[in-house]
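Asks: need a structure here:
(2 chains)
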Number of protein chains: 2
Amino acid sequence: MPQRRLITGFSNPTVKFLRSLREKKHRKASGKFLAEGLRLLTDARASGRLPEVLVMATGRDPHPLLEALEDDVLTAGGEVLEMGADLLSKVTGKDNPQAVAGVFAEFDTSLTALDRNSAKIWLVAQALRDPGNLGTMLRTGDAVGAGGLILIDDCADPFSVEAVRASMGAVFTQGIAQARWEEFLPWLRSGAGQLVAASLRDAVPYRAAPYASPCFLLVGNESRGLPEDCEAACDLRVTMPMKGRADSLNAAVAGAVLAYEALAALD
Amino acid sequence: MPQRRLITGFSNPTVKFLRSLREKKHRKASGKFLAEGLRLLTDARASGRLPEVLVMATGRDPHPLLEALEDDVLTAGGEVLEMGADLLSKVTGKDNPQAVAGVFAEFDTSLTALDRNSAKIWLVAQALRDPGNLGTMLRTGDAVGAGGLILIDDCADPFSVEAVRASMGAVFTQGIAQARWEEFLPWLRSGAGQLVAASLRDAVPYRAAPYASPCFLLVGNESRGLPEDCEAACDLRVTMPMKGRADSLNAAVAGAVLAYEALAALD
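Replies: Numbering: from 1, shown residues only, chains lettered A, B, ... in the order given. Modelled structure (predicted):
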């Protein structure tokens, strides 16, 4: 059975399938997602995640990391597809004949898949809409040694191409869970865990606040911030200095500043 | 002379001009840029920056802030343009009939326009390519009370629609300068100023490092980081904990964590 195939023609069903993974409904229907770039795929491999399908351009320059990846994919029973750079750019949306992409199975994102005691810090985002911010939070989580990112209510899709790209591979190393607030809060209260949010009300300075492990750092929606009941449910509300006119930070930035502060307290 | 006009037709030269401002070459040629959204325009107004041209959809819901803005623009001799929501969406690239946009004159971005003693913190980015990161850094600068953002070498355009949007109005409150490294370094050394970068080499922990005012926090390109000679020219190199696989942070995030640390030391 040929596991290495050459794909030609824009109407090829495989090309159509790969392109469809840029849309959430098709990702959900197939349970697959797309990750692009040799670096990302190499990080995935190092984390024990291999693509089911590896896609690259014909005539691509050889690269030892790519060869190792190809071997592993084939050994694991996956497929390696080659296609012209024009076709591949339709899949990746990029004009880069050196591009490589992989199709991965989506992970289990239920709360019960998380082991809260496996890390001192967890990031939690409520209604975070920007896939770039989401990916950036995954990347920050990786940097501070967080256990993962918990996505509350209607967040961007962590398996979107943009989020995967912004995560710089952390989508493969960080735990990811998705839940409604009404599911998250009982889960949190069923075990140890301090819920912390940046807030302007009834809050203590974020520097040297009494962070406790496992510490769940909650950030809110890019425009609306956190709903009042989410803030009220927190064990600790902290304020960050706001010296400017705008009185706000990018959500991923606020999460990162808090995460590094908690790390300094808990590490 | 009518200062309030109704614009119809996709081929109207004004519509063409407004659309052209989405491209850098047309911004440079005209010296104008586009900012979108009532909140952004209101922030601009509060900072003493009025659009030369204010654009809105016909039949838009009245809003007291918009009326105040219209009055100010007309009083200052500017223009108010109304157009159908379909036309406006061609200008803004968004399907939002409540959209408002303004055309502003670009600012002086020479180093000599900055007063280094007006703030304790300055953000500096070298070859930062992502306009979202650039805008986020402006926003962070506003939050920490920085004097502004200095863009070294080939950075994204601070006047791009994406950067302006991500800045959440900080493009109007923060100083912005653009310079080559060969210009920046002599300018920096011509007065007081500590140059600081996150680094893995010959560095001290970023927590409680000896930050000094005015403190210039330097971040590098998203993929390549800082060139060696830029790092070597720094007065202080600091390390941030990296607990994960990837050993890196988003550039805007790294800048923000450093900026909040410097703020705690210098405020």
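Asks: Could you report the pLDDT at the residue nearest to A:Val196 when sequence neighbours are not counted?
Replies: Leaving aside its chain neighbours, A:Val196 sits nearest to A:Leu236 (4.5 Å; criterion: Cβ to Cβ, 6 or more residues apart in numbering or on different chains). Every residue, glycine included, has its C-beta placed from N, CA and C. According to the prediction, A:Leu236 has pLDDT 97.
Asks: which stretches of the stretch 101-250 of chain A form strands?
Replies: A:121-126, A:148-152, A:175-179, A:194-198, A:204-205, A:215-219, A:236-239 (DSSP state E, counting those that start in this stretch).
Asks: Now do stretch A:27-39: everything it contacts.
Replies: Outside stretch A:27-39, the residues that touch it by Cβ atoms under 8 Å, 6 or more residues apart in numbering or on different chains are A:17-18, A:20-22, A:41, A:44, A:51-52, A:63, A:65-66, A:69, A:91-92, A:94, A:98-106, A:157, A:159-161, A:164-165, A:168-169, A:171-172.
Asks: Could you rerun that using 6 Å?
Replies: A:21, A:65-66, A:92, A:100-104, A:106, A:159, A:161, A:164 (Cβ atoms under 6 Å, 6 or more residues apart in numbering or on different chains).
Asks: just checking, what packs against the longest helix along chain A?
Replies: For chain A, the helix that runs over the most residues, judged by DSSP state H, is helix A:251-266. Counting by 3 or more Cβ pairs under 6 Å, 6 or more residues apart in numbering or on different chains; DSSP states H and E, the packing neighbours recorded for helix A:251-266 are helix A:131-144, strand A:215-219, helix B:251-266.
Asks: so how many other residues sit close to the residue nearest to A:Val196?
Replies: Using other Cβ atoms under 10 Å in any protein chain shown, A:Leu236 has 19 neighbouring residues.
Asks: again with A:Gly102
Replies: 25.
Asks: which residues touch it?
Replies: A:35, A:41, A:51, A:54.
Asks: is it in a bridge, and if so with what?
Replies: A:Ala35, A:Leu54 (DSSP bridges).
Asks: A:Gly31 versus that one, what's the distance?
Replies: 15 Å (Cβ to Cβ, to the nearest Å).
Asks: now chain A, which segments are flagged as low pLDDT?
Replies: In the predicted model, chain A carries pLDDT under 70 at residues A:1-2.
Asks: Geometric centre of it: which residue is closest?
Replies: By Cα atoms, centre = their mean, chain A has its centre lying nearest to A:Val171, at 3.9 Å.
Asks: Break down chain A into its helices, ranges please.
Replies: A:13-20, A:24-30, A:38-46, A:64-75, A:85-92, A:131-144, A:161-167, A:170-173, A:181-189, A:228-232, A:251-266.
Asks: which one of those helices is the most hemmed in?
Replies: Burial of those is given as mean neighbour count (mean count of other Cβ atoms under 10 Å in any protein chain shown); helix A:131-144 ranks first at a mean of 28.
Asks: and it, what does it pack onto?
Replies: Applying 3+ Cβ pairs under 6 Å, 6+ apart, one finds that helix A:131-144 contacts strand A:121-126, strand A:148-152, helix A:161-167, helix A:170-173, helix A:251-266.
Asks: Pull the residues that contact the shortest one.
Replies: What it means is helix A:170-173. By Cβ under 6 Å, 6+ apart, helix A:170-173 touches A:43-44, A:47, A:49, A:138-139, A:142, A:164, B:245.
Asks: and which of these is nearest to B:Ala85?
Replies: A:Val164 (34.2 Å; Cβ to Cβ).
Asks: residues contacting that closest one?
Replies: Going by Cβ under 6 Å, 6+ apart, A:Val164 touches A:35, A:171.
Asks: ok, it to A:Leu81 distance?
Replies: For A:Val164 relative to A:Leu81 (Cβ to Cβ), the value is 19 Å.
Asks: And A:Ser167, by the same measure?
Replies: 24 Å.
Asks: before we move on, what about A:Leu88?
Replies: Taken as Cβ to Cβ, the span from A:Leu88 to A:Leu81 is 9 Å.
Asks: anything in contact with each of these two?
Replies: Between them, A:Leu88 and A:Leu81 share no contacting residue, judged by Cβ under 6 Å, 6+ apart.
Asks: check contacts around A:Ala166.
Replies: A:Ala166 touches A:132, A:135-136, counting by Cβ under 6 Å, 6+ apart.
Asks: If we ignore the residues flanking it in sequence, what's nearest it?
Replies: A:Gly135 (2.6 Å).
Asks: Hmm, that neighbour is touching A:Ser167, no?
Replies: Yes - contact status for A:Gly135 versus A:Ser167: in contact at 4.0 Å, counting by Cβ atoms under 6 Å.
Asks: List of residues touching stretch A:218-226?
Replies: A:124-127, A:129-130, A:197, A:251, A:254-255.
Asks: Give me every residue in chain A lying close to chain B.
Replies: A:136, A:139-140, A:142-145, A:168-169, A:173, A:207, A:242-246, A:249-250, A:253, A:256-257, A:260, A:264 (Cβ under 6 Å from any Cβ of the partner chain).
Asks: what do you get if the cut-off is 8 Å, keeping everything else the same?
Replies: Taking Cβ under 8 Å from any Cβ of the partner chain as the contact definition, chain A meets chain B at A:43, A:46-47, A:132, A:136, A:139-145, A:166, A:168-170, A:173, A:207, A:240-250, A:252-253, A:256-257, A:260, A:263-264, A:267.
Asks: Tell me how far the closest residue in space to A:Leu88 that isn't next to it in sequence lies from A:Gly93.
Replies: Spatial nearest neighbour of A:Leu88, excluding adjacent residues (Cβ to Cβ, 6+ apart): A:Ala57 at 4.8 Å. According to Cβ to Cβ, A:Ala57 stands 14 Å off from A:Gly93.
Asks: who has more neighbours, the two?
Replies: Using other Cβ under 10 Å, the more surrounded residue of A:Ala57 and A:Gly93 is A:Ala57, with 21 against 13.
Asks: Let me see the contact set for the more buried one.
Replies: Counting by Cβ under 8 Å, 6+ apart, A:Ala57 has contacts A:82-85, A:88, A:97-99.
Asks: will you turn these into JSON lines that also has distance to A:Arg5?
Replies: Converted to JSON lines, these look like this (distance: Cβ to Cβ, whole Å):
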{"residue": "A:Glu82", "distance to A:Arg5": "7"}
{"residue": "A:Met83", "distance to A:Arg5": "9"}
{"residue": "A:Gly84", "distance to A:Arg5": "13"}
{"residue": "A:Ala85", "distance to A:Arg5": "17"}
{"residue": "A:Leu88", "distance to A:Arg5": "14"}
{"residue": "A:Pro97", "distance to A:Arg5": "19"}
{"residue": "A:Gln98", "distance to A:Arg5": "20"}
{"residue": "A:Ala99", "distance to A:Arg5": "18"}
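Asks: All set now, cheers.
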